[in-house]
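Undergrad: here's a sequence, model it:
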Amino acid sequence: MRANRFEKIFNNMNEYFSSAWILLSDTTIFLSNNTKIFHQFENQLRGLRRRLEMHSKDPEVIREVRLEVAEIRKILRLQGYNLKLGSLDLKLEGFRNDDSIARGFQRCVLYLMEDGDILYMTGSNNHMDLESALDSRLMAVGYRPISQKHYLWYKWANRVLLLSGSATETAEDFEEFKIFARNNKTLILKKLKKL
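TA: Numbering: from 1, shown residues only. Here you go, the predicted structure:
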C-alpha cells in the first residue's frame, strides 16, 4: 500500500515537472517562431530552462518556474498575442503541381482583404473553381475590397503549415505573399489553423 502511494506521488511529481517543461517549451517556441520580441525574453527563458534542468526534483523550483512562465504568457496575452497557436509554424515552399495531391497537399484560394482579414476556400476542385466559389460567398455577404488573391497548395506536417504556389499563382504574386507572410505569420496561422 505504501509503495503504491509513493509511486503515485512520484508519478504526480513527474507530471508536474513535465507540464512545467512543456509550458516553458511551448512559450519559447511560440516567441521564437511567431514574434519579433523573442530577444526580450530569451535570457529569462534560458534561465528558467536551466533552473528546471538543475532542480528537476524540487517541487518548489518547479512551482516557481511555472508561475514565472505563466506571468510571461499573461504579459504576451495583454500585448495581443494569441498563445493558443502554441508551437504552430508556417513555411513557404516554392511551387507545386497537381502531383502534390499524392503527397497529401490540397488546394486553397486565399484572399488578403484590404481591412486586414484573410478569407479562403479549400477543396478538391481546381483553383479557378475555388476562386469562383469564394467570390460567390463574398458577394452574398456584401462587397469587401480585396488587396491580393493567391492560389496555393497546403498541407500540415508536424504542426507546420506548408504553403506553396500553384500553376495559377504567378511568381510575382507569390513573392508578394512571401513578404506578407513574413510580416503576418501569426495572423495567417490564426486564420488557417483549422485547415
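Undergrad: and the pLDDT at the most centrally placed residue in the chain?
TA: In the chain, the centroid-proximal residue (Cα atoms, centre = their mean) is Leu88; its distance is 2.9 Å. For Leu88, the pLDDT comes out at 76.
Undergrad: swap in Asn12?
TA: Taking Asn12 on its own, its pLDDT is 41.
Undergrad: and what of Trp21?
TA: pLDDT recorded at Trp21 is 86.
Undergrad: shaky segments in this structure?
TA: Within the chain, the stretches with pLDDT under 70 are 1-18, 34, 84-87.
Undergrad: do a quick rundown of the helices in it.
TA: Secondary structure of the chain (DSSP state H): helices located at 2-34, 38-54, 59-78, 127-141, 171-183, 185-192.
Undergrad: with distance to Val160 and mean neighbour count added, can I get these in a markdown table?
TA: For the C-beta atoms, the positions are set from N, CA and C on the backbone; glycine is no exception. Output for the helices of the chain, formatted as a markdown table (distance: least, Cβ to Cβ, whole Å; neighbours: other Cβ atoms under 10 Å):
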| stretch | distance to Val160 | mean neighbour count |
| --- | --- | --- |
| helix 2-34 | 9 | 15 |
| helix 38-54 | 18 | 14 |
| helix 59-78 | 21 | 15 |
| helix 127-141 | 22 | 14 |
| helix 171-183 | 13 | 14 |
| helix 185-192 | 10 | 18 |
